[in-house]
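K.L.:
Sharing a sequence plus its predicted fold:
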2 protein chains.
Amino acid sequence: MNRDVVTSKQITVFKDDHRTPMDDVVVLEIPLTIYLNGEELITLLCTPQKLDRLTLGFLRSEGLLQSCDQVKTLRVDEERGLVEVELAGGKGLAEKLYGKRTITSGCGKGTMFYSALDTLRSNPVNSEVKFDRRQIWSLMRLMHKHSALYRATGGVHGAALVDHQRVLFFFEDIGRHNAVDKIVGECLIGGISLEDKALITTGRLSSEILLKSAKLSLPVLISRSAPTSLTVELAEQLNITVIGFARGLRMCVYTHPWRVL
Amino acid sequence: MNRDVVTSKQITVFKDDHRTPMDDVVVLEIPLTIYLNGEELITLLCTPQKLDRLTLGFLRSEGLLQSCDQVKTLRVDEERGLVEVELAGGKGLAEKLYGKRTITSGCGKGTMFYSALDTLRSNPVNSEVKFDRRQIWSLMRLMHKHSALYRATGGVHGAALVDHQRVLFFFEDIGRHNAVDKIVGECLIGGISLEDKALITTGRLSSEILLKSAKLSLPVLISRSAPTSLTVELAEQLNITVIGFARGLRMCVYTHPWRVL
């Protein structure tokens, strides 16, 4: 575990009739302000790790960026909690989009522009990839092995991109949206196609997480927690397999179960 | 449990070598667009329950509203997923504030304006209220008894306002920020002072939850989960007692432990 993402605090532990002073490890939370083409866009609250991935992934999820070719410069100043991005397309891009004010707030972390259009723009996912149920359970176990920050602090969500055998990347963040955006950013940088992969998250599957995945044509979304009604409805339409409560040797498949063998 | 906040879905359950079709209960998620003085302000994704409380609490947490006297009209149209609020103060209020674009995205649900000023505006909490550790454990158990929606769906966070003996209100929502904002709204409507009370949440304690509480002069913030570094630092400065991992007969007190007996 990276020591730069936690801090030590003196705490008091109460256990039944005992009161004990202790040193505890707390996950770092910092405000990260994104400047896009010289204008302040948004301040995210996040764990200071992979901030370049987070920024690119956030911009991609918000529809402000399609590929890394558009990025002229990206400079992270972790000390001052800011990141400056210059995109081809000139000034006024953010203003044009943020001017609409159809911002939704992320359940987990992250805001995104939400409109019926988002769904339409995300074409249904065509991938015919299938996962064996035993692969999924084994990948869940593998992911938990990676969760060093969670085990140390209990204060983060994790997200992993997996293929049939391996955990390709795994990121943790105080916000479950941020963790997914870090995956999105990593894929953008590596030019990685998601059409034969699955995304595992420890967090609840709200509609915004589903839409982030749909924009990347990801066919399978897995969580150890629950989906919402809107997630299930959108996944039905967008041909995405949504799996919840994947724990031990059990899982609930909410949509398109033909992708699970 | 209110039947209007869940929906039934046909799912496929995989358990070891068995595959079984089942009916499952999924928590409802709807987009709720808030119009403030005739202008679209924001779209929240939320559980359709106590939407008037959610709206008022959100506006209060964002600093757009101080008391219910300012509310000229509030009309919730659940069918269309919108709420129209007219506040004394005229047009341009939202624009003036949202024009700043120092928006942070909520880890959990909800965005809020974030700046160093927020901390300064929230004066340190003076309350000398104290809670016996056994009261806290007993209130945690009481809160869990109220969590009908969580038990049915596994997809929501809960927030409760408590005094020394009782759970005064308890709300659940797909977003942990929304659940807290519903409490804030209820207190605003009832003219309830928080200076001798505690707020319990099932979610992680990120800085935005702490700042929401600080704005209401709440002295004690309790979670069954973890706080972040920023929460602990702000709570230290603002004289708020932050308690994490309150489960069974154990809890970790991160700041101002003199309020726990």
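P.N.:
That came in fine, so what should we check first? Residues are numbered from 1 along each chain as shown, chains lettered A, B, ... in the order given.

K.L.:
From B:L45, how far out is A:F14?
P.N.:
Distance of A:F14 to B:L45, given as Cβ to Cβ, to the nearest Å: 36 Å. Using the backbone N, CA and C atoms, a C-beta is placed for each residue, glycine as well.

K.L.:
neighbour-wise, which of those two wins?
P.N.:
B:L45 (26 against 22; other Cβ atoms under 10 Å in any protein chain shown).

K.L.:
Name the SS class of the more buried one, please.
P.N.:
On the three-state scheme (DSSP: H, G, I helix; E, B strand; the rest coil), B:L45 is labelled strand.

K.L.:
what's the spacing between it and B:T73?
P.N.:
B:L45 is 24 Å from B:T73, by Cβ to Cβ.

K.L.:
For chain B, tell me whether the helix or strand containing A:E86 is touching it.
P.N.:
Per DSSP states H and E: A:E86 is located in strand A:82-87. No. For strand A:82-87, no contact with chain B is found by Cβ under 8 Å from any Cβ of the partner chain; the gap never falls below 12.2 Å.

K.L.:
roughly how far out does that strand sit from the chain middle?
P.N.:
In terms of Cα atoms, centre = their mean, to the nearest Å, the centre of strand A:82-87 is found 20 Å from the chain centre.

K.L.:
Quick check: can you name the pairing partners of it and their directions?
P.N.:
strand A:30-36 (parallel), strand A:71-77 (antiparallel) (DSSP bridges).

K.L.:
how about the CA coordinates for the last one, as PDB?
P.N.:
Yep, that's strand A:71-77 we're talking about. Presented in PDB, the C-alpha positions along strand A:71-77 are these (Å, rounded to 0.1, in the frame of the first residue of the first chain):
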ATOM      1  CA  VAL A  71      -5.400  16.100 -24.700                       C
ATOM      2  CA  LYS A  72      -2.800  18.700 -25.500                       C
ATOM      3  CA  THR A  73      -1.400  19.000 -21.900                       C
ATOM      4  CA  LEU A  74      -2.300  17.500 -18.500                       C
ATOM      5  CA  ARG A  75      -0.500  18.800 -15.400                       C
ATOM      6  CA  VAL A  76      -1.200  17.500 -11.900                       C
ATOM      7  CA  ASP A  77      -0.200  19.600  -9.000                       C
END
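
K.L.:
what mean pLDDT does that strand have?
P.N.:
For strand A:71-77, mean pLDDT rounds to 95.

K.L.:
ok, and what's touching that strand?
P.N.:
Strand A:71-77 is contacted by residues A:51-52, A:55-56, A:65, A:83-88 when judged by Cβ atoms under 8 Å, 6 or more residues apart in numbering or on different chains.

K.L.:
and it, which residues are buried?
P.N.:
The neighbour-count check on strand A:71-77 (16 or more other Cβ atoms under 10 Å in any protein chain shown) flags A:71, A:74, A:76 as buried.

K.L.:
Chain B: which of these is nearest?
P.N.:
A:V76 (17.8 Å; Cβ to the nearest Cβ).

K.L.:
Now do the closest one against A:I30, distance only.
P.N.:
12 Å.

K.L.:
same check, this time on A:E236
P.N.:
Distance from A:E236 to A:I30, by Cβ to Cβ: 38 Å.

K.L.:
Tell me which of these two has more neighbours.
P.N.:
Taking other Cβ under 10 Å, A:E236 and A:I30 do not tie; A:I30 has more neighbours (18 against 14).

K.L.:
May I have the residues that are in contact with that one?
P.N.:
A:45-48, A:78, A:81, B:230.

K.L.:
please redo it, this time with the cut-off set to 6 Å
P.N.:
A:48, A:81 (Cβ atoms under 6 Å, 6 or more residues apart in numbering or on different chains).

K.L.:
pLDDT value on it, please?
P.N.:
pLDDT at A:I30 comes out at 90.

K.L.:
can you list the weak-confidence ranges in the stretch 101-250 of chain A?
P.N.:
A:101-122 (pLDDT under 70).

K.L.:
A:I243: how many residues sit nearby?
P.N.:
Counted with other Cβ under 10 Å, residues neighbouring A:I243 total 30.

K.L.:
Same question for A:L168.
P.N.:
Counted with other Cβ under 10 Å, A:L168 comes out at 15.

K.L.:
Am I right that it sits in a helix?
P.N.:
No. Counting by three-state DSSP, A:L168 is not part of a helix but strand.

K.L.:
That one: what's it in contact with?
P.N.:
A:L161.

K.L.:
before we move on, what about A:I222?
P.N.:
Counted by Cβ under 6 Å, 6+ apart, A:I222 has contacts A:198, A:200, A:243, A:246.

K.L.:
close enough to count as contact, A:E29 and A:G175?
P.N.:
No. Using Cβ atoms under 6 Å, A:E29 is not in contact with A:G175, being 9.1 Å away.

K.L.:
Neighbours of A:G89, how many?
P.N.:
15.

K.L.:
again with A:H18
P.N.:
Neighbour tally, A:H18, other Cβ under 10 Å: 9.

K.L.:
again, but for A:P219
P.N.:
Neighbour tally, A:P219, other Cβ under 10 Å: 26.

K.L.:
That one and B:A159, how far apart?
P.N.:
35 Å.

K.L.:
Then A:S127?
P.N.:
On the measure of Cβ to Cβ, A:S127 and B:A159 end up 39 Å apart.

K.L.:
So which of these two has more stuff around it?
P.N.:
In this view A:S127 and B:A159 are compared by other Cβ under 10 Å, and B:A159 has more residues nearby, 26 against 18.

K.L.:
Distance-wise, check the closest residue to that one other than its chain neighbours relative to B:E172.
P.N.:
Leaving aside its chain neighbours, B:A159 sits nearest to B:A179 (3.8 Å; criterion: Cβ to Cβ, 6 or more residues apart in numbering or on different chains). Distance of B:A179 to B:E172, given as Cβ to Cβ: 6 Å.
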